[in-house]
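1. Here is the input, now give the coordinates:
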Amino acid sequence: MERGKNIRIIVLAVLLCGCLIALSGIPVMAAPLINLSPNSGAVGTLVTISGENWESFKGDEVYIFFDNGEISASPIVVPQTGSFQLSFNIPKSTAGAHTIRVKNEMGSTLALNTFTVIGPEIKLSAKSGPVGRNLSVVGKGFYADKVVTIYFDAKVLGTLTASTTGEFSYSFNIPDSTAGAHVIMASNAEGNSHEVEYEVLPWIALSPVTGAVGSIAQVSGNGFASRSDVSVFFQSKEVAYAKTNESGTFTPVSFNVPKALPGTYDVLAKDKKGNAAKYEFTITAGASVDQTMASVGGELTIRGTGFSAGGQIAIAYDGAAVATITADSTGAFEAIFKVPAGEHGEHVITVSDGVNTSQIVFQIESEPPPVPVPVSPDNLSVVKAATHFDWADVSDPSLPVSYLLQIASDGNFTSVVVQKTLAESEYTLSGAEVLTAVTEKSPYYWRVKAIDGAANESGWSPSRSFFILAPPSPGLLLPEDGAKAEAQVYFDWEDVTSLSPPITYRLQVASGGNFAKLVLEREGLAESEYTVMQDEKLAAVKKDAPYYWRVRAIDGAGNKSEWSKPRSFYVGFYLALPGWALYTLIALGAIIIGFLAFWLGRRTAFGES
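-> So this is what the prediction gives:
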């Protein structure tokens, strides 16, 4: 009995060993698992689930749960690859850790992982500061891909869309607001919201931040109490008063820098609730003028403070010395000088005692003088070559006034023939500037502008036209056309008058009508006649081959008339004998005449007897 029992035990042991040996030949399968990407984020975050080592469940249907709720993508069939991937959005849930698990049809958990839901939260780049400061709001835990609205004290600043993981960043400048704590909040339509406090601090601006005693400074501020009185102090002295608006802001108020030694001082603004802000102002040696704009020659009064007590003060205008004066025991001074000639616009007045220097920007007026009114020559008038131009005087505060005269050969003044800068309101052309004659179809034009002592220019006056005419052609008188003339011919022609005297004449005598071959020419004749001199006598010519003569007039400016219409004449033949021979012939003739008279008388006497 005992032996049979032992045999059964031995048989069972052998069978168990065989089973173990058989099982050892079967490979061991890895446990299935799931990975999450990302594994944290806000509600609405898109999460990707990746399954690995699911070969044992190929073709099986598995179910996926977020906490106790099955996701919309569930169930899935495990593919033949033994791996799978799917995505879903985190549903509404509380902040903290949540389980994502995969179950089989029997409800048994096959794999699980944890996703952390982040709750809505915002942080500020700074917790306090003045109005106008740029502030960044960084948020996380807001519903993914949903619109978030940013508020400052319940006023909407702007909107933006959260990222796919519920994060965002928004920057803005702190709006006008009163001193103290203010709420900045971010919220969305899905019920996510979070708020933090920002403390607005009082702040002032000062302009300028340096200056001399007596100079003007301005102070403005924000971040004070609403509708509160604000006192402005320079060190401990109240120098200005302001009142804030509903947002705690006050607009610039001015004050004069009080008397104090050069150095740095606090400018303090304080409201009735004790909110205060300060800024530093530095007093320097400085000067000012009683007017920031004046005309050339006008008087300027310059005052200064903060200079060396009893020191010599040098005043320069655009670098040129205009005055020196001694400062009093407090380093103050006052001086008067006239504005020197200079171009309109900015000029620099420099004040220095050798240690302290101050500069003032000063303006010379830029108002142009009136346009001059032309007087003469009048429009379309005929004038002499040495023309006299006249126009009405122009008055201007910046003396002296000068004039620019232009004379052109065209109405557009593209061809200017004379241009003069003049101190007087009239001008007569000089001998070198006299104008040549023109026709009435192409006159000269003139205009003038005024220029004051500050180089301000008026517009051009209306232009006027005028003519300078050549003298008329002389009319010929003697010898008449075709007449016979003596060898010492006498020429005569009509007098010519001109606006540009004196008139002279040019006479030409030629052997042909084209005047190519001159036999006599005389220039610069002051009279309207001429007699050929003994040594100029003209040779006799036939009537059918006459001489031709013509005359032209020339005025004092060198303007020439047209040649007169030529005339012809001829000179008869004559016997040219020496004087002694001529006298001898005359004597012989007288003897012959006397003899003939005697002979005839005798014949008559004999006949009567």
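
2. how about low-confidence regions in this structure?
-> 1-29, 573-587, 589-590, 594-595, 597-609 (pLDDT under 70).

3. As a check, name the ranges of all helices in it.
-> 2-24, 579-608 (DSSP state H).

4. Run a quick check on residue 343 versus residue 364, I expect a contact.
-> Yes: with contact defined as CB atoms under 8 Å, residue 343 and residue 364 form a contacting pair (7.1 Å). Using the backbone N, CA and C atoms, a C-beta is placed for each residue, glycine as well.

5. show me the contacts for residue 123.
-> Residue 123 makes contacts with 137, 138, 139, 196, as judged by CB atoms under 8 Å, 6 or more residues apart in numbering.

6. ok, now residue 405?
-> Residue 405 touches 389, 418, 419, 420, 421, 422, 427, 446, 447, 448, counting by CB under 8 Å, 6+ apart.

7. Quick check: bridge partners of it?
-> residue 420, residue 448 (DSSP bridges).

8. how much space between it and residue 452?
-> 16 Å (CB to CB, to the nearest Å).

9. If I follow the layout properly, residue 572 ends up in contact with residue 540?
-> Yes: contact criterion CB under 8 Å: residue 572 and residue 540 qualify, at 5.7 Å.

10. quick one, what contacts residue 406?
-> 413, 416, 418, 419, 446, 447, 448, 460.

11. same deal with residue 407?
-> Residue 407 sits in contact with 416, 417, 418, 419, 435, 444, 445, 446, where contact means CB under 8 Å, 6+ apart.

12. can you rerun that using 10 Å?
-> 387, 389, 413, 416-420, 427, 429, 433, 435, 444-448, 463, 466 (CB atoms under 10 Å, 6 or more residues apart in numbering).

13. Check residue 430 too.
-> Residue 430 sits in contact with 386, 418, 420, where contact means CB under 10 Å, 6+ apart.

14. The first one - how many residues pack around it?
-> The number of residues packed near residue 386 is 17, by other CB atoms under 10 Å.

15. and what of the last one?
-> Summarising burial for residue 420: neighbours were counted as other CB under 10 Å, giving 15.

16. how much space is there between the residue lying closest to residue 72 once chain neighbours are set aside and residue 514?
-> Leaving aside its sequence neighbours, residue 72 sits nearest to residue 88 (CB to CB, 6 or more residues apart in numbering; 6.4 Å). As judged by CB to CB, residue 88 and residue 514 stand 120 Å apart.

17. the more surrounded of the two?
-> residue 88 (17 against 9).

18. quick one: the residue nearest in space to the middle of the chain from residue 360, how far?
-> Computing the C-alpha centroid of the chain and ranking residues by CA atoms, centre = their mean puts residue 345 first, at 15.1 Å. Going from residue 345 to residue 360 by CB to CB gives 15 Å.

19. can you check residue 54 too?
-> In terms of CB to CB, residue 54 sits 89 Å off from residue 360.

20. Compare these two (neighbour count), which wins?
-> Using other CB under 10 Å, the more surrounded residue of residue 54 and residue 360 is residue 54, with 22 against 18.

21. That one touches residue 78, doesn't it?
-> Yes: with contact defined as CB atoms under 10 Å, residue 54 reaches residue 78; the gap is 4.8 Å.

22. Can you check which residues contact both of those two?
-> 32, 60, 62, 84, 102, 110.

23. out of those, which is most surrounded?
-> residue 102 (26 neighbours).

24. Can you name the residues bridging to it?
-> Applying DSSP bridges, one finds that residue 102 bridges with residue 64, residue 111.

25. Quick check: it vs residue 490, distance?
-> 148 Å.

26. what do you get for residue 161?
-> Residue 161 is 119 Å from residue 490, by CB to CB.

27. Next: residue 186.
-> 123 Å.

28. Specify which residue of those two has the higher count of neighbours.
-> residue 186 (25 against 13).

29. Pretty sure the more buried one sits against residue 156.
-> No: using CB under 10 Å, residue 186 makes no contact with residue 156, being 11.2 Å away.

30. any residues in contact with both of the two?
-> 149, 150.

31. hmm, back to that, okay, and the common contacts of residue 572 and residue 540?
-> Common neighbours of residue 572 and residue 540 (CB under 10 Å, 6+ apart) are 484, 487.

32. ok, the closest residue to residue 342 other than its chain neighbours - contacts?
-> Distances taken as CB to CB, 6+ apart place residue 364 nearest to residue 342, at 5.9 Å, with adjacent residues excluded. Taking CB under 10 Å, 6+ apart, we find residue 364 in contact with 293-296, 298, 339-347, 398, 452-456.

33. repeat that for 7 Å
-> Taking CB atoms under 7 Å, 6 or more residues apart in numbering, we find residue 364 in contact with 296, 339, 342, 344, 345, 347, 454.

34. can you redo these as JSON lines with distance to residue 260?
-> Formatted as JSON lines, those follow (distance: CB to CB, whole Å):
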{"residue": "296", "distance to residue 260": "37"}
{"residue": "339", "distance to residue 260": "32"}
{"residue": "342", "distance to residue 260": "35"}
{"residue": "344", "distance to residue 260": "37"}
{"residue": "345", "distance to residue 260": "35"}
{"residue": "347", "distance to residue 260": "30"}
{"residue": "454", "distance to residue 260": "38"}
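
35. Sort out which one of the residues you listed lies nearest residue 40 for me.
-> The closest of those to residue 40 turns out to be residue 345 (CB to CB; 68.4 Å).

36. List the residues that contact the closest one.
-> By CB under 7 Å, 6+ apart, the residues touching residue 345 are 363, 364, 366.

37. Quickly list what it is bridged to.
-> residue 364.

38. and residue 164, how many neighbours does it have?
-> Neighbours around residue 164, by other CB under 10 Å: 15.

39. for residue 368, that is, sorry about that
-> 18.

40. Could you check how many residues crowd around the residue nearest to it when sequence neighbours are not counted?
-> Leaving aside its sequence neighbours, residue 368 sits nearest to residue 456 (CB to CB, 6+ apart; 4.5 Å). Residue neighbour count, defined by other CB under 10 Å, stands at 22 for residue 456.

41. pretty sure residue 456 contacts residue 342?
-> No: the criterion here is CB atoms under 7 Å, and residue 456 misses it with residue 342 at 11.4 Å.

42. about what we covered before: make a markdown table out of the shared contacts of residue 54 and residue 78 and add distance to residue 235.
-> As requested, the shared contacts of residue 54 and residue 78 are exported to a markdown table (distance: CB to CB, whole Å):
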| residue | distance to residue 235 |
| --- | --- |
| 32 | 81 |
| 60 | 88 |
| 62 | 82 |
| 84 | 79 |
| 102 | 78 |
| 110 | 81 |
